[in-house]
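# starting from these lines, generate the structure:
(4 chains)
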4 protein chains.
Amino acid sequence: MNTNDKHDVWLTTKRIETLVDGIFAIAMTLLVLNIDLPQSFGPVSDPAIWTYMIGLFQQLGIYAFSFVLLASFWRAHHLQFFYIKRSDSFFIWLNVIWLMFVALVPFSTNFVSNFGNHTLPMLFFNINMFIIGVIFIFIWTYANRKKFFIKEMTPEHYNTVKKINYILPSAALLAVCITFVSPLWSPVSYFLIVVLKNTFKKGIL
Amino acid sequence: MNTNDKHDVWLTTKRIETLVDGIFAIAMTLLVLNIDLPQSFGPVSDPAIWTYMIGLFQQLGIYAFSFVLLASFWRAHHLQFFYIKRSDSFFIWLNVIWLMFVALVPFSTNFVSNFGNHTLPMLFFNINMFIIGVIFIFIWTYANRKKFFIKEMTPEHYNTVKKINYILPSAALLAVCITFVSPLWSPVSYFLIVVLKNTFKKGIL
Amino acid sequence: MNTNDKHDVWLTTKRIETLVDGIFAIAMTLLVLNIDLPQSFGPVSDPAIWTYMIGLFQQLGIYAFSFVLLASFWRAHHLQFFYIKRSDSFFIWLNVIWLMFVALVPFSTNFVSNFGNHTLPMLFFNINMFIIGVIFIFIWTYANRKKFFIKEMTPEHYNTVKKINYILPSAALLAVCITFVSPLWSPVSYFLIVVLKNTFKKGIL
Amino acid sequence: MNTNDKHDVWLTTKRIETLVDGIFAIAMTLLVLNIDLPQSFGPVSDPAIWTYMIGLFQQLGIYAFSFVLLASFWRAHHLQFFYIKRSDSFFIWLNVIWLMFVALVPFSTNFVSNFGNHTLPMLFFNINMFIIGVIFIFIWTYANRKKFFIKEMTPEHYNTVKKINYILPSAALLAVCITFVSPLWSPVSYFLIVVLKNTFKKGIL
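Residues are numbered from 1 along each chain as shown, chains lettered A, B, ... in the order given. Presented below is the predicted three-dimensional model:
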């Protein structure tokens, strides 16, 4: 019983973080494989090139958007795990399921990148983001319920992070609603995250 | 002789674990490359889209199944290596061979994902799982025979882990048998792992 | 406020470096996927083979060039972070944006590798290098302004590194100019980096 | 001068090893992407399936061969770096060039896997192995000349490792010669490595 507790602690603070770092680094680098090369390439005067270049900049925009999104998930996970020092079996599986949806982001992005003006791919992307956000809230709440935090943790800080955690799934839910009206404009709601996060941080911390 | 022992110890406790973490992180993230994009995409009313979406959910199911399977191998490896602190050349190669079959899982999954209703691909996947399980038993037995364990290790814990290690290859063997009757239903036997593991853990630990 | 500072410090010195190492290792290894296999392969006497072999050596040259370029960015980043021990939110995002352009290098390389005798792909590659270099200067300047350095840091060393940091974007800017005259010869300007770096190092350090 | 020495030391013992671990983990996992899926798949009675299955087992053999080869390079590198604790700029670049040829192995393997009965691809693979072996000898000799070793290092151990390091390039050179007679049989010479390595180890250590 005691030994089991001991290696669970060990797993959390070192192993889960190594796996998280690995999966994020790979998922972020795999995004680049979604950018398509042109089929052929003529002289600069050729109008086909300019059609490709416009498509390329759209794909680069989606690449940058997903890269920054994944980076913000990675940062949020590490900020949380600075305070979390113990774990149990269920908690590790919760993180694995979260990683499963994070590792799906290169596919979701590729799906949207190729068929972004359609409803279903955009819906798929936004629901993916929503699930990532919801599991993230659950990780934080579960860590609190089981008292996995370091002793420096204050209830004020817990509540601030909790509020910040609600921003992503809210933005994703809004994006889901906008998708039914205009798939192409739905990602705009994610820019709310930046605005809202800064408000919360200034307000309390 | 003495120096050789020393760096073998060093290799086990740090290097093998880094390689294991790296290979698992990559294998788990590569699974997403197996999910196919649609060839074309019309309006939502188009029946071809719904055919694709059904196929997509099948592929997502296989992705989730393999991701969780790999994660459980990763966790099992780390739980074992919490107790293993020394090694020798043969032991390191045993782990490399085990990793070779783990790194094969993205291919096995892709094979099943594309031809899952056929006997041979499903047989290939189940035999892959069986070999992973058998080598894993051998790693644990060899570590015991050579006394590679930390001194906190008890014979009771050794036997519990040994029993748990028999679950995966047994489930895989059962899956091999079911494959000859119905390839599609054979993975169901892996759900036995979850049920049996919890029984063993409650019983002894 | 205090706690926020504390975990930001923690993030810089360990986490950013892990992500950087991961993304570089993957980007450097993904370069190999850009090398194309021949469509078919006849006996050695077949002239089609020799056409492929010449193309293969061109692709290998581009592979080696990009591998060494990425390795030099990796080394430069680590040399800088030996002196940087603290950080803030903005600094971490600066590094993420830098990584975004680093992770784009396998695509830029592939683009040039397939259409290197055209102006636009070569321009794309050179501008990618230019942006990497400019953000790198900004990282160093920002770390100085916010006093993120360890106390062993001397103003002389700061200025030497600053001068060295100007070499890459200057070479890239020169390459951009050469591209308009001859795309194929523009990468030659990057060999200036090796020559200039050694001059600066001998001159001051 | 002093500060430069200090961060070079730091780079070797930690950073080079992290990059090496990352690149090996990725190169070993990428090997699996070389295994081709069948174009179509009929009932088990279909002779086309058995043709594919034979090809699959050939590809699996090449996968296993390359995986074990890369794992043995990884182990050799770590055994050497257990004794190497300092470095300089040239030494780090020597390791980067070595990694460049290691990261090329998935391509060499794929080349051989698809066109193994031809002279040129097999020659390419064997020369790749030869270069990896030669640079590895140079790394060890350079570390000795510059006295980068820990003080536990004995001249006897240095000479044993030196002799072992000559095995791979010798086997590769033999393989190059055999290629001109029979490309398919040339990899057999690599099995000499296992036999010779054990002889040397028993003889001296």
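# what segments of chain A are helices?
Under the criterion DSSP state H, chain A contains helices at A:2-10, A:17-30, A:47-81, A:89-102, A:105-115, A:119-145, A:155-165, A:167-181, A:191-204.
# hmm, who's touching stretch A:103-112?
Stretch A:103-112 is contacted by residues A:23, A:27, A:30-31, A:33-34, A:62-63, A:66, A:69-70, A:121-122, A:124-125, A:128, B:28-29, B:31-32, B:35, B:37, B:60, B:63, B:67 when judged by CB atoms under 8 Å, 6 or more residues apart in numbering or on different chains. Heads up, the C-betas are built off the backbone N, CA and C, glycines and all.
# now restrict these to buried residues only.
Buried members of those, scored by 16 or more other CB atoms under 10 Å in any protein chain shown, are A:23, A:27, A:30-31, A:34, A:62-63, A:66, A:69-70, A:121-122, A:124-125, A:128, B:28-29, B:31-32, B:35, B:37, B:63, B:67.
# ok, and which of these reach chain D?
Near chain D, taking CB under 8 Å from any CB of the partner chain as the test, no member of the buried ones among the contacts of stretch A:103-112 is found.
# hmm, back to that, can you put the helices of chain A in CSV and add mean pLDDT?
Output for the helices of chain A, formatted as CSV (pLDDT from 0 to 100):
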stretch, mean pLDDT
helix A:2-10, 45
helix A:17-30, 89
helix A:47-81, 87
helix A:89-102, 91
helix A:105-115, 88
helix A:119-145, 92
helix A:155-165, 85
helix A:167-181, 89
helix A:191-204, 68
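# can I get the ones you listed in CSV including distance to D:K147?
Shown next, in CSV, are the helices of chain A (distance: least, CB to CB, whole Å):
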stretch, distance to D:K147
helix A:2-10, 38
helix A:17-30, 34
helix A:47-81, 40
helix A:89-102, 45
helix A:105-115, 47
helix A:119-145, 50
helix A:155-165, 51
helix A:167-181, 54
helix A:191-204, 52
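# how about those helices, which one is nearest D:G133?
Checking these against D:G133 by CB to CB gives helix A:17-30 as the closest, at 29.5 Å.
# do the closest one and chain B meet at all?
Yes: judged by CB under 8 Å from any CB, helix A:17-30 and chain B are in contact via A:18-19, A:21-23, A:25-27, A:30.
# could you find the closest non-adjacent residue to the residue in chain A positioned nearest to chain C?
Closest approach between chain A and chain C, counting by CB to the nearest CB: A:A25, at 2.8 Å. Take A:A25 and drop its neighbours on the chain: the residue closest to it by CB to CB, 6 or more residues apart in numbering or on different chains is C:G22, 2.8 Å away.
# so what's that neighbour up against?
For C:G22, the contact set (CB under 8 Å, 6+ apart) comprises A:21-22, A:24-26, A:29, D:22.
# identify the farthest-apart pair in the residues you listed.
Farthest apart among the contacts of C:G22 by CB to CB are A:F24 and D:G22. That separation is 13.4 Å.
# ok, the closest residue to A:F91 other than its chain neighbours to A:P155 distance?
Spatial nearest neighbour of A:F91, chain neighbours left out: A:Y142 (6.2 Å); criterion: CB to CB, 6+ apart. Distance check for A:Y142 against A:P155: by CB to CB, to the nearest Å, it reads 17 Å.
# kindly report the same for A:I131.
Computed as CB to CB, the A:I131 to A:P155 distance reads 28 Å.
# list phi and psi for A:P38.
Here is the backbone geometry of A:P38 (degrees, to the nearest 10): phi -70, psi 150.
# and for A:L174, nearest residue in space, chain neighbours not counted?
Nearest one to A:L174, counting by CB to CB, 6+ apart, is A:S189 at 4.3 Å.
# you'd agree that neighbour is up against A:I178?
Yes: with contact defined as CB atoms under 8 Å, A:S189 counts as touching A:I178 (6.1 Å).
# follow-up on the earlier one: farthest pair within the residues of helix A:17-30 next to chain B?
By the measure CB to CB, A:T18 and A:L30 form the most distant pair in those, at 18.5 Å.
# run a quick neighbour tally on the residue nearest to A:S66 when sequence neighbours are not counted.
For A:S66, ignoring the flanking residues on the chain, the nearest one in space by CB to CB, 6+ apart is A:T109 at 4.3 Å. Applying other CB atoms under 10 Å in any protein chain shown, we find 26 residues neighbouring A:T109.
# could you dump stretch A:85-100 to PDB, C-alpha only?
Taking Å, rounded to 0.1, in the frame of the first residue of the first chain, the C-alpha atoms of stretch A:85-100 are listed here in PDB:
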ATOM      1  CA  LYS A  85       3.300  16.800  -6.600                       C
ATOM      2  CA  ARG A  86       1.400  13.600  -5.800                       C
ATOM      3  CA  SER A  87      -0.900  11.400  -7.900                       C
ATOM      4  CA  ASP A  88      -2.800   8.100  -8.100                       C
ATOM      5  CA  SER A  89      -3.700   5.600 -10.900                       C
ATOM      6  CA  PHE A  90      -6.900   7.400 -11.900                       C
ATOM      7  CA  PHE A  91      -5.100  10.800 -12.100                       C
ATOM      8  CA  ILE A  92      -2.400   9.400 -14.400                       C
ATOM      9  CA  TRP A  93      -5.100   7.900 -16.700                       C
ATOM     10  CA  LEU A  94      -6.900  11.300 -16.700                       C
ATOM     11  CA  ASN A  95      -3.700  12.800 -18.000                       C
ATOM     12  CA  VAL A  96      -3.300  10.100 -20.600                       C
ATOM     13  CA  ILE A  97      -6.800  10.700 -21.900                       C
ATOM     14  CA  TRP A  98      -6.100  14.400 -22.100                       C
ATOM     15  CA  LEU A  99      -2.900  13.700 -24.000                       C
ATOM     16  CA  MET A 100      -4.900  11.500 -26.400                       C
END
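# how far does that stretch sit from the chain's center?
Taking CA atoms, centre = their mean, to the nearest Å, the mean C-alpha location of stretch A:85-100 is offset from the chain mean by 16 Å.
# buried residues, that stretch. List them.
Across stretch A:85-100, burial judged by 16+ other CB under 10 Å covers A:86-88, A:91-92, A:94-100.
# closest one of these to chain D?
A:L99 (16.7 Å).
# contact partners for that closest one?
Contacts for A:L99 (CB under 8 Å, 6+ apart) come out as A:19-20, A:23, B:28, B:71.
# how much space separates the nearest residue to A:P183 once chain neighbours are set aside from A:T179?
In this structure, A:P183 finds its nearest non-sequential neighbour in A:M122, 3.8 Å apart by CB to CB, 6+ apart. In this view, A:M122 and A:T179 are 5 Å apart by CB to CB.
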